[in-house]
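Colleague: Got a predicted structure plus its sequence, pasted below:
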Amino acid sequence: MSHSYDIRVSNVTAKIPFPQEVLDKITEIQTHYPEGKQKSALLPVLHLAQKQNEGWLSIPVMEYVAQLLKITAIEVFEVATFYSMYNLKPVGKYVLEVCRTGPCCLNGAEKAIEYIEKKIGCKAGETSPDKMFTLKTVECLGACGYAPMLQLGDSFVEFLTEEKIDTLLADLRSKA
């Protein structure tokens, strides 16, 4: 069973279905916070919403989250636009996030980014023509001692080299 919420944005009506199990999880998440502090549940709820919307947060989805949490849409937009972990446009099947802060750049992150761009056929901030990869540059991923590094979902590739990039891309392509 799923719940649908029709929302109208810019003269376009979008139907946003969240399965009942996701709505139940949102309700459960809200119980972790004091009454009247629904906004505190926003980060984990945005993760769930993004997962339900093919890996990204559209404006209608963010407005839906605002309705569910009984907060304003601008509060959701502020959070979603601040954190790099939320995607505000459609993404590829795999999102490659490369750290671009000082320690990683000093250890070759810029060269790794250029190499990945060449291998997948798009620039940072874009999705590959085959829709398989989105390449993002992000701020510190907290592995300065293992620089440069790349995050793919919950996995990390540390001491990033061209060989490691080739292996990773080949493995991901073989799963497609």
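Modeller: Happy to help now that I have it.

Colleague: longest helix of this protein?
Modeller: helix 162-175 (DSSP state H).

Colleague: What separation do you get for the residue of the chain most remote from its centre and residue 70?
Modeller: Ranked by distance from the centre of the chain (Cα atoms, centre = their mean), the top residue is residue 35, with 28.4 Å. When distance is defined by Cβ to Cβ, to the nearest Å, residue 35 is 11 Å away from residue 70. Using the backbone N, CA and C atoms, a C-beta is placed for each residue, glycine as well.

Colleague: Thought residue 143 was touching residue 158, still the case?
Modeller: Yes: the criterion here is Cβ atoms under 8 Å, and residue 158 meets it with residue 143 at 5.8 Å.

Colleague: So which of these two has more stuff around it?
Modeller: More crowded of residue 158 and residue 143, by other Cβ atoms under 10 Å: residue 143, with 18 against 13.

Colleague: What is the neighbour count of the nearest residue to the more buried one once chain neighbours are set aside?
Modeller: Among residues not flanking residue 143 along the chain, residue 149 sits closest, at 4.7 Å (Cβ to Cβ, 6 or more residues apart in numbering). Using other Cβ under 10 Å, residue 149 has 24 other residues around it.

Colleague: could you list every residue that touches residue 149?
Modeller: 98, 99, 104, 141, 143, 156, 157, 158, 159, 160 (Cβ atoms under 8 Å, 6 or more residues apart in numbering).

Colleague: In a markdown table: the residues you listed, plus secondary structure and distance to residue 132.
Modeller: Shown next, in a markdown table, are those (DSSP: H, G, I helix; E, B strand; the rest coil; distance: Cβ to Cβ, whole Å):
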| residue | secondary structure | distance to residue 132 |
| --- | --- | --- |
| 98 | strand | 16 |
| 99 | strand | 21 |
| 104 | helix | 24 |
| 141 | coil | 22 |
| 143 | coil | 25 |
| 156 | strand | 20 |
| 157 | strand | 17 |
| 158 | coil | 23 |
| 159 | coil | 24 |
| 160 | coil | 19 |
